[in-house]
Structure formats: structure tokens, C-alpha cells
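Chemist: compute the structure for the input listed below.
(2 chains)
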Amino acid sequence: MNSAAALLAQVVPSYTPETTFDVPANVVFAVQAVFMIFAAIRVVTTKNVVHAALWLVVVLGGVGLNYVLLQAEFVAVTQFLVYLGAVIVLFLFGVMLTRAPLGVSDDLDNNQKKIGIGVGVALLAVLSYALIESFGRSELTFEAYEGVAGANTNGRTQAVSDAIFGQYLIPFEMLSLLLLAALIGAIVLARRD
Amino acid sequence: MTQAVLHPILGLELAYWQETIIRVLLGLVALLLLTGGVVYLYLFKFVSFMQSRLGPMEAGPYGSMQLLAEVGKWLQKEDIFTEDSDKFIFGIAPAVVLASTFLMFVVIPAGPNAVVADLGTGIYFVLAMSSLSVIGILMAGWASANKYALMGALRAGGQLIAYELPLILAVVGVVISAGSLNLQDIVAAQSDGAIFGWTGIGNPYILTQIVGFTIFLIAVQAELTQTPFDMPIAESELVAGYQVEYTGIRFLVYFIAEFATAVAFAAVASTLFLGGWQLPGAWGISDGAMNAIGPIMISIKAVLLVGVVFWVRFSLPRFREDQLQKLAWKVLIPLALANIVVTGVMKVVF
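Modeler: The predicted model follows:
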């Protein structure tokens, strides 16, 4: 660990020895990133629509794990509850209710493959640039996990709720209105009469 | 990174990873013991007495070893994969369901320090993990290559999504009252509470949140797919639903997961509404002693609540599918929302 910290101090000028370089977290990130990339490629290359949805489970679960590594526990649990527990379940439910043959289907591709790749690469470039520009120098601190007897992670959850119901109250309420409108719209579209 | 020693257990100074392994192993042992005990107590004996019969009597005193015999039987059976099934998905589906069940136990506290991980998201984590089992059930139903299995899985999907909402909304009342998602804080809020100034038994939320408690238990019954909500595995309509093609150890895993989930939800309900591991009035017992007494307290409460689940299971006939959905969307969810509003107003007023 000390050699890693020393190396980082040379590479990143703003790095000070007081901030902790967390080796386990970085190892876990590397492993789960490999899994996520593999699963994401399988989502679009697999020849079975249910398998695609199940590979998506791995990708979205990896995102949840990513939030845990970033110490955003509440967001991570929300990711598991909403994306894995509800969105994926609705995907699977819808697919199985309509058309979900076992084995290989050959008609899952369409002719927009090249545009898709282009859009994906462009998005990767823009997002990478934006993220490196804004957060390239910032570091997580891991101090809360050290030396605190009976440490729990209440503080992080409280910080989220303070932000949602304080600083970001108006955007939060606007989002709920938007979701409500979408909900009503879905009901209106789905009604037979 | 070397972790500071958190708590000496039995005078041993343990590193973080050693302590975590011990916690996980103790949690697993407690979980399997409770699950086995509940299966023997209720599934073998309680129902037998309700139906005026003796139940298992041969294996061990009063048939108490019957469960081990059953496990041995399932382990011996051939692990059959049907010809058309999607072998890999079919094989790992029971593991997904079991993993979802085990993860629920991670944050349920059994004492001041007797918990695998004291997460700030507590109850939210439990509900999120319990919702993952639906993926396993849908995988099982689809990969079985059997129309009854697929029907059962689809019914399970619709049912579990519908009843997740009242389950979560019923918990919100408790979270508002306690002011925290952390299960340890919810236990503390109950034992520190007072009923009109009287602190004799603290303030278990079953008193103020009786509506939430009732909704929670009904939703749990549906989440466990126990009668009267057992449409996903309705044997007279779907043979055995998503479990129909499973034999041997994989069926055993479903069986364990079903009853372990019952224990988990009962433990969550006793933590949220019955004061958790805490004794009724705390009685000034030290934290060290409570780490031994707490697991017994929460086990007693949880086993009693599992008893309620089984009591209902063996007493009521099955609902129709449309009645099930109506109960969730038209009765339980509005009631739970009203409960949240009333709790919020009361919290502000008092």
C-alpha cells in the first residue's frame, strides 16, 4: 500500500499522503469493471432476448456495486431496488408475456448497428472528457471507516436526505410531478375505452 | 489497508476481515437453525395438530430429526434438467433466490453489536434485497421450458411487484416515527420511547403503527407466496408453478429459501414493530449481556410472527388472481399512503 501511495503522489500532483488510497476498493473496481464491460457487450451480442435482459442484470448490479465503492450507499440500494427489483423484472415480465423463445433467435439484429456504435463512441468520448475535466483531481476519503467503534454509515444517508429535502427540494418535487405525469400518460395510453 | 480493531469479541483482538467472517458464519448458523426450527415446529407439528393428526413421530423424539431425514432424501435425488430447458439459467435460478434471502439477514440486528453490517440504509437495504428474488423466480419459470412454470413465474412477478409497494409503504410510517432507516436506531427509538410518559416497556411501534403492522404482515404473506396468496405455485391450477421441473438439491434450495425468507421478514417485522432484540424495558442490562440475550429475544419474537404466517397459511383458502391484485392496489396501498400521511401529521404535531 505504501508503494502505491508513493507512486500516486508522484503521478498526481495534488495527492497528499493524508488522503487514503484504498487498495481493496480499487481492486474490486477493476474486477467489476471487467465483468460489467463483458456483460454489456453480451447484452447487445447475445442471440436470446431473455439472456440479454439477464446480462443487463449484471451490468446494472455492477453499477450498484460502483455506487457502494463511491460510498454512495443510499444511491446503491436505490439502484438495486429500482433497476434490479423493478425495471429488470418488468423487462423480463414483458418479454416473457409476449415473446420469449428458448434457444437462439436470429432476428434480433437490425440495420442500425453502425449508427449505434457511432453514438456509443461519441457518448463515451463526451462523458469521459466531462468527467475527467470536472473530477480528475478529486479524491474520496475513507477516514470514516477507520477507528470508529461500532461505525455505521448513518451520516451518508442523512447527507442524501438533507440534500434532497433542503438544497434540491424544488428539483426533487418537479421530478415527482414529471413522474406523475408520465404515470397518468401511461394509464391514458393503455386504457381501452 | 489495515483496519483498526472495532470490537474485541470474547477478549480476542480481531482484524476487520476476521471479525466479518465470524459475523457472517454466526449469521448463517442462526439463520439455518431458525429456519429448520420453524419448519419442524410449524410445517411438521403445528399444522398436524390443526388437522388432528400427529405428524412425523418416527425420526428422533417426536419426529424432531425428520427434517434431517428430509434433507438427506432431497440430497440423494437425481438432479434432473429437462431436455429443452436452458440449462445454465435453470441451474443458477435457485441460487439467485437463496442469495436474495441471505442478503436480507445482513442488516437485521440481534444485539448492540450482534449484526453482520450496521448499515445506515438498514431497512431500505432489506427491502431492496428481498425484491431481487423475483429475478430468480422469473429465470426459473422461463428456463424450465414448461408452460405451467412460465405461468407460475409470471404470476409470481405480478404478485411480488404488486405487494412490494404496500410492504415498503407500511415501513415508511415506522421510519418517520423513528427518524432513521438504520435498524439499530429503530430498535433504540422503541426502547427509549414512552407511552404518555410511562417508560415501562418503551414504545414498541405495534401500538402506534398497528395499521402499518397489519399491512406489513399481509404483504409479507403475499411476498412469501403463502396461502391465501399462493397463486404462483398453486398446485391445483399450475401443478407447482415455477418449481415444477425442479428436483433434488435445487428444489431443496427453493424450500430453504422460502422458509428462510419467512424467518427474515418475521425478524424484520419484530425489529420494526415489536422492539427487536431489546427487552421490553431495557432493564439496565449491559451491552455485553444484551449481545447474548438479544439473539434469543429476537428469535422468540420472529418465531412467534412466523407462527402467525403459518396460522393464516393453514386456515384460509386461496384467493383468485384478480382479488389478489385488487387487494393490493385498491385496499393496501391507499391504506398505507393514508397511514404515512397520518403518521407525518402526528410526528409534526407531537
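Chemist: so is the helix or strand of chain B with the lowest mean pLDDT next to chain A?
Modeler: The helix or strand of chain B with the poorest confidence is helix B:235-238; it has a mean of 74 (mean pLDDT, DSSP states H and E). No: against chain A, helix B:235-238 shows no contacts by CB under 8 Å from any CB of the partner chain, the least distance being 14.8 Å. C-beta here means a position set from N, CA and C on the backbone, and glycine is covered the same way.
Chemist: if we go by neighbour counts, what in that helix is buried?
Modeler: Applying a neighbour-count criterion of 16 or more other CB atoms under 10 Å in any protein chain shown, one finds B:Leu238 buried in helix B:235-238.
Chemist: how many neighbours does whichever residue of chain A sits closest to chain B have?
Modeler: Sorted by distance to chain B under CB to the nearest CB, the residues of chain A start with A:Gly85, at 3.0 Å. By other CB atoms under 10 Å in any protein chain shown, the residues close to A:Gly85 number 24.
Chemist: secondary structure class of it, three-state.
Modeler: helix (DSSP: H, G, I helix; E, B strand; the rest coil).
Chemist: return the residues in contact with the closest residue to it other than its chain neighbours.
Modeler: Once flanking residues are discounted, A:Gly85 sits nearest to B:Ser131: 3.0 Å by CB to CB, 6 or more residues apart in numbering or on different chains. Shown in contact with B:Ser131 (CB atoms under 8 Å, 6 or more residues apart in numbering or on different chains): A:80-81, A:84-86, A:89, B:100, B:160, B:164.
Chemist: now with 10 Å?
Modeler: Neighbour list for B:Ser131: A:80-82, A:84-86, A:89, B:100, B:160-161, B:164, B:167-168, B:223 [criterion: CB atoms under 10 Å, 6 or more residues apart in numbering or on different chains].
Chemist: which of these sit farthest apart?
Modeler: A:Val82 and B:Glu223 (17.5 Å; CB to CB).
Chemist: higher neighbour count, those two?
Modeler: It is B:Glu223, of A:Val82 and B:Glu223, that has more neighbours when counted by other CB under 10 Å, with 24 against 15.
Chemist: quick one, which of the contacts of B:Ser131 are buried?
Modeler: By neighbour count, with 16+ other CB under 10 Å, these hold A:80-81, A:84-85, A:89, B:100, B:160-161, B:164, B:167-168, B:223 as buried.
Chemist: in chain B, which residue sits nearest chain A?
Modeler: Closest point on chain B to chain A, by CB to the nearest CB, is B:Ser131, at 3.0 Å.
Chemist: gap between that residue and A:Val77?
Modeler: 11 Å (CB to CB, to the nearest Å).
Chemist: wait, B:Arg155 sits on B:Ala234?
Modeler: Yes: assessed by CB atoms under 10 Å, B:Arg155 is found in contact with B:Ala234 at 8.1 Å.
Chemist: residues that sit against both of the two, list them.
Modeler: Common contacts of B:Arg155 and B:Ala234 (CB under 10 Å, 6+ apart): B:225, B:241, B:321.
Chemist: please narrow those to those residing in helices.
Modeler: The helices, defined by DSSP state H, take in B:Glu321 from the shared contacts of B:Arg155 and B:Ala234.
Chemist: most neighbours, which of the shared contacts of B:Arg155 and B:Ala234?
Modeler: B:Gly241 (28 neighbours).
Chemist: right, and that residue touches B:Leu138 too?
Modeler: No: between B:Gly241 and B:Leu138 no contact is recorded; they are 11.7 Å apart, counting by CB under 10 Å.
Chemist: overlap in contacts of the two?
Modeler: Common contact partners of B:Gly241 and B:Leu138 (CB under 10 Å, 6+ apart): B:150, B:153-154, B:156.
Chemist: where are the low-confidence patches of chain A?
Modeler: Where chain A drops to pLDDT under 70, the residues are A:1-22, A:139-153.
Chemist: comparing B:Arg155 and B:Ala234, which shows the higher neighbour count?
Modeler: Each of B:Arg155 and B:Ala234 has its neighbours counted (other CB under 10 Å); B:Arg155 has more, 24 against 20.
Chemist: tell me which element the more buried one falls in.
Modeler: In this structure, B:Arg155 sits in helix B:147-178 according to DSSP states H and E.
Chemist: what is whatever helix or strand comes next after that helix packed up against?
Modeler: Heading C-terminal from helix B:147-178, the first helix or strand you meet, by DSSP H and E, is helix B:183-192. Counting contacts by 3 or more CB pairs under 10 Å, 6 or more residues apart in numbering or on different chains; DSSP states H and E, helix B:183-192 packs against helix B:122-130, helix B:147-178, helix B:205-208, helix B:248-273.
Chemist: need the contact list for residue 96.
Modeler: By default, I'm working from chain A. Listed by CB under 10 Å, 6+ apart, the contact set of A:Met96 reads A:49-50, A:53, B:138, B:141-142, B:150-151, B:153-154, B:157.
Chemist: hmm, I had chain B in mind actually
Modeler: Residues in contact with B:Val96 (CB under 10 Å, 6+ apart) are A:54, A:57, B:89, B:132-140, B:257.
Chemist: can you point out the buried residues in the helix or strand harbouring B:Val29?
Modeler: According to DSSP H and E, B:Val29 maps onto helix B:16-38. Buried residues in helix B:16-38, counting neighbours by 16+ other CB under 10 Å, are found at B:19, B:23, B:27, B:30-31, B:34-38.
Chemist: now stretch B:141-151
Modeler: B:141-146, B:148-151.
Chemist: got the CA positions of that stretch in CSV?
Modeler: Extracted in CSV, the C-alpha atoms of stretch B:141-151 (Å, rounded to 0.1, in the frame of the first residue of the first chain):
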residue,chain,number,x,y,z
GLY,B,141,-40.1,-20.2,-14.8
TRP,B,142,-38.7,-19.2,-18.2
ALA,B,143,-35.8,-21.7,-18.3
SER,B,144,-37.9,-24.7,-17.3
ALA,B,145,-39.4,-24.9,-20.8
ASN,B,146,-42.8,-25.7,-19.3
LYS,B,147,-45.9,-23.6,-19.7
TYR,B,148,-47.0,-24.2,-16.2
ALA,B,149,-43.7,-23.0,-14.9
LEU,B,150,-43.8,-19.9,-17.1
MET,B,151,-47.4,-19.1,-15.9
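Chemist: how far off centre is it?
Modeler: 26 Å (CA atoms, centre = their mean, to the nearest Å).
Chemist: check stretch B:113-122 too.
Modeler: Computed by CA atoms, centre = their mean, the chain-centroid distance of stretch B:113-122 equals 16 Å.
Chemist: do stretch B:190-197 as well
Modeler: Chain-centre distance of stretch B:190-197: 27 Å, with CA atoms, centre = their mean.
Chemist: then stretch B:110-126?
Modeler: 15 Å.
Chemist: what comes up buried for it?
Modeler: In stretch B:110-126, counting by 16+ other CB under 10 Å, buried: B:110-116, B:118-126.
Chemist: skip the chain neighbours and tell me the closest residue to B:Gln51.
Modeler: B:Phe314 (7.8 Å).
Chemist: return the residues in contact with the residue positioned nearest the centre of chain A.
Modeler: Nearest residue to the geometric centre of chain A (CA atoms, centre = their mean): A:Val63, 3.1 Å. Contacts for A:Val63 (CB under 10 Å, 6+ apart) come out as A:32, A:36, A:75-76, A:79-80, A:83-84.
Chemist: in helices only, show me the residues you listed.
Modeler: A:32, A:36, A:75-76, A:79.
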